[in-house]
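Peer 1: Sequence and predicted structure, then a few things I'm wondering about:
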Amino acid sequence: MASKPIVSDEYQYGFNDGDVGVLKFNRGLRRETVEEISRIKKEPKWMLDFRLHALDVFMKKPMPNWGGNLSTLNFDEIVYYVKPSENQGRTWDDVPQAIKDTFERLGIPEAERKFLAGVSAQYESEVVYHSIRDDLKEKGIIFTDTDSALREYPELFREYFGTVIPPEDNKFAALNSAVWSGGSFVYIPKGVKTDIPLQAYFRINSENMGQFERTLIIAEDDAFGHYVEGCTAPIYSSESLHSAVVEIIVKDRARMRYTTVQNWAPNVYNLVTKRAVAYQDATMEWVDGNIGSKLTMKYPSVYMVGEGAKGMVLSIAVAGKGQHQDTGSKMIHAAPHTTSTIVSKSISQHGGKTTYRGLVHFAPDAAESKANVKCDTLIMDDESTSDTIPYSEVSNANVEMEHEATVTKVSEEALFYLTSRGLSEEEATRMIVMGFIEPFTRELPMEFAVEMNRLIKFEMEGAIG
Amino acid sequence: MSEMILDQTSQAELNSLVEERFGHEPEWSLKRRREAVHALLNLDWPRLERTPLKKRKLDQIALFQAVPAPGVRPTPAPDGWAEIWLDNNQVVSVSVPDTLSQKGVRLEALNEALGDPEVEAQLGRLLGQDEDKVAALNGALWQGGVFLRVPAHLREVVQVSIRCHATAEAQAVFSKNLIICGSESHVVVTQRLETDDGGMKTMLSENTEIIVEDGGRVDFGAIQQCAPTVEGFIHRSGALGHDAVLNWNIGEFGSGLVVSDHVSHLNEPGASTASTTVFFGAGSQHQDYSAKSYHHAPHTTSNMVARGVMKNKARSVFTGLTQIEAGAKGSDGRQKEQTLMLSGDARADAIPSLIIDERDVFAAHAASAGPIDRAAVFYLTSRGLSEAEAERMIVHGFLAPVIDSIALPELRDEVWDAVERKIRA
């Protein structure tokens, strides 16, 4: 059917800046690699111990035998640490020119001026630029990179770090725990609400680079926050690895929203562990867009441990040529009166593969809880495929679980209807696809929705037959 | 030699048992048994993601006995039906109405049909003997079983009843069934699996292969009401030709542990399958069910429905799989799984998967789990019903759409009776 993609396969951010780093490790992962990262960062002993323990766990754990094809991922080929500049910029002028140019091309400073409360930009292993609006700082909001947080807020940091996702959780969480560098640290004090988002931007530049940022977000009682993240990388012929860990703690009655649009280059393995703990009457929302990468395995989850907690995941996955998006969500109902919603939209085209893999678990204590899961997939052409693998586990009689899924092509009846009203097939298909993903784009901040529409660019002249 | 325990039995002993008991069989069958004995060594118990078998001490169950069959049962088959009885692994009676046998319908003990080249060619094609230890045990030591052959182009519907029973002394029930429905013919099969409760563990391994030739139709209904001492492994698999139809009606009630699956291979264009599974878990039963449809050809359809009720400390896993291969254009695959939870100590998992490698299809699934609607109970009790009676009616209402869709009236009534017993238990 389509000789041109519905969603653009062209990757716009595939340029690289040459080697700009001031310090780049040799390839491969050894005990010394981990010790050296910790030494460069002048970390306290407990963090070094944490890293070394995690390295042991990583070495011991087998590769997952499910999900996507990890056979071409070679841990010995990865560069585990690249320091791009000597110092972190507090003003935009402090950032080295080459890196600044990159972020200018990606539109970061512009976005910041327009609507962001704070912005953080990570290049390779380190955060190169950071700023936060003064009024938010005065309210006690902490928004900094994770390395600075360890130095500047040691007690707060240690209280929460690694509590949501311990290194033992999975092989890639262990890897991240051993070699993590950069990431965002957000602390929103009791009762403080931010109506504008905090944004972080992650960029991989070097070939075979492994980016292992570590994000920790704490929303105290009655707080509200919105954190937005975007990612890109250049296209190389060999693989890069992005393996982040994101831990979020949402305390009583607080609400946290985490929005990601990940647009990695098609040579990036994107193996990410994202998990939130929601306490009494707290709300955690993940808005998760997965557009690029070679293979993404990512299942944002919410552990609802307090009565009345809510979890939501709204996700979209677009798999193009040679790509596999193995995404989904985990909702763990561990307290009474908890509710969760998962809405997943997948599009596979040009031989791409999407997999929805999810879990809804009701523990024996989850009386009067409810879960609703809806997964829809559009397959655009004859080379593309889709799997839907939802797990549900019910250990309480007094819960309600609903799950629905469909896999279809673009409806011929809808196409016929629209073309009979004078639309071309291209326009009609575009309208149908836009309608299909609308529940997702509707939830994005304005500028992100515009960005999204740019990414989901329609090039369909004469494409539909 | 009256009984053999797996973990106390050497391979040499197994080999001599095979020669002694089955030495009279045709060479091809004997060869397969020897291969299965050989394979046993390197095979593990089935590895089920959600049903650990380690603690069930399966290798302490006797795997071969020669328990005498208690003889022919008196109950006559319904009018016009062919019927075969198996007791303790042996066929004890076969009756085929003359009208059917004259037209070439064959219903007989599988052991006696091994000389038939068609049996040699077809047996074991859908269910192999080297997947796991249970498959190999069945391959090496199967005793009883049924061969049903319905010729092509029969005008009347062939109705067949298969009754399998084991007394409390039987500790190993391994059987194989082969059903071949000729082109454009229509056969209705009901299978009843029952055992007496005697306190000793029984391993039951029942393999059924069904071949539906072009334009044929098989309605296969089964009801399993084995004793809680049974550890059951029930595998059923069908292969469908052009425009063939295979309908499954499965009622699962008994056994302490049951691993039961039914699979449809839609091999040719126009093939279709529908399946309904009704299960009711109570006590400390562990039930692991799967229903699978493989769309290998264009314009094939599948529709799988399951409804289960869980009470006490029962545990169930239901895995549905709809797989549509590339090129199976115009196919339609659907699944629906619903569970009613009567107890907070019960646990029900559902994994309804869709694996779709073709664009031009429709595939969907829906799953739900929920409690008894308390408002409905309140309404009914306010009208003078007892709470137990109100719950019973709600369970009936939940299962009715599925049970009432069972095409065979006899089976339908038996499923209702089984539900009633489970509610009151």
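Peer 2: Here it is on my side, so go on.

Peer 1: where do the helices sit along the stretch 301-450 of chain A?
Peer 2: A:412-420, A:425-441, A:446-455 (DSSP state H, counting those that start in this stretch).

Peer 1: how about residue B:420, secondary structure?
Peer 2: Using DSSP: H, G, I helix; E, B strand; the rest coil, the structure places residue B:420 in helix.

Peer 1: From chain A, how far out is it?
Peer 2: Per Cβ to the nearest Cβ, to the nearest Å, residue B:420 is found 21 Å from chain A. To be clear about C-beta, it is placed using only N, CA and C from the backbone, and glycine gets the same treatment.

Peer 1: List the neighbouring strands of the helix or strand harbouring residue B:237 plus their orientation.
Peer 2: Using DSSP states H and E, residue B:237 sits in strand B:230-240. Using DSSP bridges, the strands paired with strand B:230-240 are strand B:202-212 (parallel), strand B:257-266 (parallel).

Peer 1: Now mean pLDDT and mean neighbour count too, for these, in CSV please.
Peer 2: Listed next are these as CSV, based on pLDDT from 0 to 100; neighbours: other Cβ atoms under 10 Å in any protein chain shown:
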stretch, mean pLDDT, mean neighbour count
strand B:202-212, 95, 25
strand B:257-266, 96, 24
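
Peer 1: To residue A:48, which of those lies closest?
Peer 2: strand B:257-266 (48.9 Å; Cβ to Cβ).

Peer 1: Let's see that closest one as CSV, backbone CA atoms only.
Peer 2: Written as CSV, here are the backbone C-alpha positions of strand B:257-266 (Å, rounded to 0.1, in the frame of the first residue of the first chain):
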residue,chain,number,x,y,z
LEU,B,257,-4.0,-29.7,39.2
VAL,B,258,-5.1,-29.4,35.6
VAL,B,259,-3.0,-28.2,32.6
SER,B,260,-5.4,-28.1,29.7
ASP,B,261,-5.0,-26.6,26.3
HIS,B,262,-6.7,-26.7,22.9
VAL,B,263,-5.1,-25.5,19.7
SER,B,264,-6.5,-24.9,16.3
HIS,B,265,-4.3,-24.8,13.2
LEU,B,266,-6.2,-23.0,10.5
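
Peer 1: Helix or strand next in line after it, which one?
Peer 2: Later in the chain than strand B:257-266, the nearest helix or strand by DSSP H and E is strand B:272-281.

Peer 1: That following strand versus strand B:230-240: what angle between them?
Peer 2: Per axes from the mean of the first three to the mean of the last three Cα atoms, to 10 degrees, the angle that strand B:272-281 makes with strand B:230-240 is 170 degrees.

Peer 1: tilt between whichever helix or strand comes after the strand holding residue B:237 and strand B:230-240?
Peer 2: Counting by DSSP H and E, the next helix or strand C-terminal to strand B:230-240 is strand B:245-252. Angle of strand B:245-252 versus strand B:230-240, following the same axes, to 10 degrees, is 170 degrees.

Peer 1: Who are the packing partners of strand B:245-252?
Peer 2: On a contact count with 3 or more Cβ pairs under 8 Å, 6 or more residues apart in numbering or on different chains; DSSP states H and E, strand B:245-252 meets strand B:202-212, strand B:217-225, strand B:230-240, strand B:257-266, strand B:272-281, strand B:286-295, helix B:409-424.

Peer 1: Run the angle between the fourth one and strand B:286-295 for me.
Peer 2: Between the axis of strand B:257-266 and that of strand B:286-295 there is an angle of 10 degrees, by the same axes, to 10 degrees.

Peer 1: CA atoms only for the strand holding residue B:237, dumped as PDB, please.
Peer 2: What follows is strand B:230-240, C-alpha atoms only, in PDB (Å, rounded to 0.1, in the frame of the first residue of the first chain):
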ATOM      1  CA  VAL B 230      -5.700 -36.100  39.800                       C
ATOM      2  CA  GLU B 231      -2.800 -34.200  38.300                       C
ATOM      3  CA  GLY B 232      -4.100 -33.800  34.800                       C
ATOM      4  CA  PHE B 233      -2.300 -32.800  31.500                       C
ATOM      5  CA  ILE B 234      -4.900 -32.600  28.700                       C
ATOM      6  CA  HIS B 235      -3.700 -31.500  25.300                       C
ATOM      7  CA  ARG B 236      -6.000 -31.200  22.300                       C
ATOM      8  CA  SER B 237      -4.900 -30.000  18.900                       C
ATOM      9  CA  GLY B 238      -6.700 -29.700  15.600                       C
ATOM     10  CA  ALA B 239      -5.700 -29.200  12.000                       C
ATOM     11  CA  LEU B 240      -8.200 -27.700   9.600                       C
END
